[in-house]
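J.: Coordinates only, no sequence provided:
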């Protein structure tokens with residue numbers, strides 16, 4: 001899904017590479033995935049914090065970096081985790097807690113999509 005999310009009151013908008021609502025359709029997704037080609041990606045967390053996105057995954061240098069929103073999205077600025085705009089770096093998704101992130105990373109790096117899918121389903 002490729003969608004632009006905006007919140008006029010918060011003066012924030014974003015067009016993530018991928019985004020997902022878990023369980024039911026919402027105005028703001030639960031999970032956003034950004035593929036980072038250049039540096040400076042951590043600043044995108046500020047926009048997602050303003051929008052109230054629960055979890056952001058950054059794919060950079062063949063690794064996923066996961067962040068979960070801890071500061072209240074209603075605040076204009078982060079009070080906790082200020083370096084990451086209110087997001088805490090995590091190692092396991094809280095939105096998809098059963099997902100093996102190391103397995104997902106390994107499968108994403110397999111160039112053949114059928115082989116990647118087989119590897120993933122054989123190991124879940």
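T.: Arrived safely, thanks for sending. Given the structure is predicted, the values throughout are model-derived calculations rather than measurements.
J.: Phi first, then psi, for residue 64.
T.: Torsion angles at residue 64 (phi, psi; degrees, to the nearest 10) stand at phi -100, psi 130.
J.: Across the sheet, point out what pairs with it.
T.: residue 59 (DSSP bridges).
J.: Just to check, it is in contact with residue 56?
T.: No. Residue 64 is beyond contact range of residue 56, at 10.5 Å (criterion: Cβ atoms under 8 Å). C-betas here are computed from N, CA, C, even on glycine.
J.: now do the same end-to-end measure for stretch 97-106.
T.: Distance between the two ends of stretch 97-106: 18 Å, counting by Cα to Cα, to the nearest Å.
J.: neighbour-wise, which of residue 64 and residue 56 wins?
T.: The residue with more neighbours, out of residue 64 and residue 56 and counting by other Cβ atoms under 10 Å, is residue 56; that gives 28 against 16.
J.: so what's the more buried one up against?
T.: 31-34, 44-45, 48, 66-67, 69, 87 (Cβ atoms under 8 Å, 6 or more residues apart in numbering).
J.: so of those residues, which ones are in helices?
T.: Among these, DSSP state H puts 44-45, 48 in helices.
J.: Could you pull out the strands in the protein for me?
T.: Taking DSSP state E to define them, one finds strands in the chain at 5-7, 12-14, 18-20, 31-35, 55-60, 63-69, 87-90.
J.: what packs against the third one?
T.: In this case it means strand 18-20. Contact partners of strand 18-20 among helices and strands, from 3 or more Cβ pairs under 8 Å, 6 or more residues apart in numbering; DSSP states H and E: strand 31-35.
J.: Mean confidence (pLDDT) on the strand it packs on, please.
T.: What strand 31-35 shows for mean pLDDT is 95.
J.: And the contacts of it?
T.: 14, 16-20, 22, 41, 44, 48, 53-60, 93, 95-96.
J.: Just the buried ones out of the residues you listed, please.
T.: 14, 16, 19, 41, 44, 48, 53-60, 93, 95-96 (16 or more other Cβ atoms under 10 Å).
J.: Find the residue at the geometric middle of this structure.
T.: When Cα atoms, centre = their mean is applied to the chain, the residue found nearest the centroid is residue 56 (2.1 Å).
J.: quick one: pLDDT of it?
T.: In this model, residue 56 carries a pLDDT of 97.
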